[in-house]
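# What follows is a protein structure lacking sequence information:
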């Protein structure tokens, strides 16, 4: 195991040993060699690194090792990523699904996961994470208690707890994956768009696992800027955090389909968007305080056949919306929802799709079907 994890150093070139941290010397990794404490009077961590001297090409190349994926083609061991998406676009569900699949050594959307224990830091909304985890386990037919995940329940001051967290992670020598929910929850400053403050937080996240012997991968769930579009899903916090970390994965949901992709930076082989489906289930045992059955949104892999079915269903619904508007140009969205048999939120999204396709426009407070929309209706009636 040691030969697989650590680079081989020639006898005449040895790595500089890291200093010990403040924790128990038998458990604490100590801070990473290139990190220095805050101390320059500017509220910014000095990124000092020791000079190690020049080495030969042979020595330099002797330290090369092949990339080692935790999830094939997606997450590299020893790397730290952000996962950015707007609220409600499935990013916590994606992180939970990754955590479950890694802990069991299964497949994540057609990509093999290397099996290992997981640590999940549920800081932003642990009660919601509990419900989502329960529902995902029910969807997969597994008992939650059998999943090898260590949890932190709630928020804490990360900058003051780095040594303690590292110490706890050291108790799990085979640790494979850490998930943090979320970047903004752990930020303790006044302005999460401040580059230097977010850089310090990024360095804290790196410090948690940088010296762990099993080189776990880390994923930090992040919120984008306000009113972010699909083409602008960088984590809120300026360029510093994106530059410091190894990649930014993204989540974008549209009509129940979540696309997992990347934006801004990604160290690794480019990959096509990974598509997943959001679905509402009512798992047995998930009850509210009155004992009534609850529903919960889960996420699952989306195959080509299911995607085609969802596309066809969505197209049929769009035609039904157009028919409702054709029959009553002054109809409200609530009335359309009743006529079509869907929620008002779905109708609102469908109308935006129809506008983007230029099948529909608004004029004097009423919906007007365009020439292109009428053609679509005629084709659907044939």
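Cool, got the structure. Computed from a predicted model, the values in this text were never measured in an experiment. Numbers count the residues shown, from 1 in each chain.
# Can you list the residue ranges for helices in the stretch 101-250 of the chain?
With DSSP state H, counting those that start in this stretch as the criterion, the stretch 101-250 of the chain has helices at 126-140, 158-170, 183-186, 195-209, 238-244.
# okay if I get these as JSON lines plus mean neighbour count, mean pLDDT and distance to residue 102?
(Glycine included, C-beta is placed from N, CA and C.) Converted to JSON lines, these look like this (neighbours: other CB atoms under 10 Å; pLDDT from 0 to 100; distance: least, CB to CB, whole Å):
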{"stretch": "helix 126-140", "mean neighbour count": "18", "mean pLDDT": "97", "distance to residue 102": "13"}
{"stretch": "helix 158-170", "mean neighbour count": "18", "mean pLDDT": "95", "distance to residue 102": "15"}
{"stretch": "helix 183-186", "mean neighbour count": "21", "mean pLDDT": "94", "distance to residue 102": "20"}
{"stretch": "helix 195-209", "mean neighbour count": "21", "mean pLDDT": "90", "distance to residue 102": "14"}
{"stretch": "helix 238-244", "mean neighbour count": "18", "mean pLDDT": "85", "distance to residue 102": "24"}
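# Please name whichever of these is nearest to residue 68.
Closest approach to residue 68 among the helices of the stretch 101-250 of the chain (CB to CB): helix 195-209, 14.3 Å.
# Against which helices or strands is the closest one packed?
Judged by 3 or more CB pairs under 8 Å, 6 or more residues apart in numbering; DSSP states H and E, helix 195-209 is in contact with strand 80-84, helix 158-170, strand 177-181, strand 217-222, helix 238-244.
# Output these as TSV; include the columns distance to residue 49.
Output for these, formatted as TSV (distance: least, CB to CB, whole Å):
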stretch	distance to residue 49
strand 80-84	18
helix 158-170	18
strand 177-181	24
strand 217-222	21
helix 238-244	14
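# So which of the ones you listed is nearest residue 103?
Closest among the helices and strands packed on helix 195-209, using CB to CB: strand 177-181, at 7.8 Å.
# In terms of secondary structure, what does the closest one contact?
By 3+ CB pairs under 8 Å, 6+ apart, strand 177-181 packs against helix 91-104, strand 118-122, helix 195-209, strand 217-222.
# Next, the angle strand 118-122 makes with it.
10 degrees (axes from the mean of the first three to the mean of the last three CA atoms, to 10 degrees).
# Look at residue 316 and say how many residues are nearby.
11 (other CB atoms under 10 Å).
# Which of the three states applies to it?
What DSSP: H, G, I helix; E, B strand; the rest coil gives for residue 316 is helix.
# same thing with residue 351?
From three-state DSSP, the assignment for residue 351 is helix.
# So residue 69 sits against residue 76, correct?
Yes. Look at residue 69 against residue 76 with CB atoms under 8 Å: they come within range, at 5.9 Å.
# and the helix or strand residue 334 falls within, what other elements does it pack with?
Remark: residue 334 resides in helix 333-340, with elements defined by DSSP states H and E. With contacts defined as 3+ CB pairs under 8 Å, 6+ apart, helix 333-340 has these neighbours: helix 304-327, helix 344-356.
# for the shortest one, which positions count as buried?
Of all the residues in helix 344-356, those buried under the rule 16 or more other CB atoms under 10 Å are 346, 347, 349, 350, 351, 353, 354.
# now do the longest one
Of the residues in helix 304-327, those with enough neighbours to count as buried (16+ other CB under 10 Å) are 310, 314, 317, 318, 319, 320, 321, 322, 323, 324, 325.
# Mind picking the two most distant members of these?
310 and 325 (22.8 Å).
# what does stretch 293-311 contact?
Contact with stretch 293-311 is made by 90, 93-94, 97, 108-110, 131-132, 134-136, 139, 255-258, 275-283, 286-288, as judged by CB atoms under 8 Å, 6 or more residues apart in numbering.
# related to what we said a few turns ago, distance to residue 377 for the helices of the stretch 101-250 of the chain - can I get that in CSV?
Putting these into CSV (distance: least, CB to CB, whole Å) gives the following:
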stretch, distance to residue 377
helix 126-140, 38
helix 158-170, 56
helix 183-186, 45
helix 195-209, 50
helix 238-244, 46
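# rewinding a little: turn the helices and strands packed on helix 333-340 into TSV, including mean pLDDT.
Compiled in TSV, the helices and strands packed on helix 333-340 are given as follows (pLDDT from 0 to 100):
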stretch	mean pLDDT
helix 304-327	87
helix 344-356	87
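# Turn these into CSV, including distance to residue 171.
Shown next, in CSV, are the helices and strands packed on helix 333-340 (distance: least, CB to CB, whole Å):
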stretch, distance to residue 171
helix 304-327, 41
helix 344-356, 45
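# Quickly note the distance from residue 186 to residue 112.
Computed as CB to CB, to the nearest Å, the residue 186 to residue 112 distance reads 30 Å.
# List the beta-bridge partners for residue 248.
Beta-bridge pairing of residue 248 under DSSP bridges involves residue 82.
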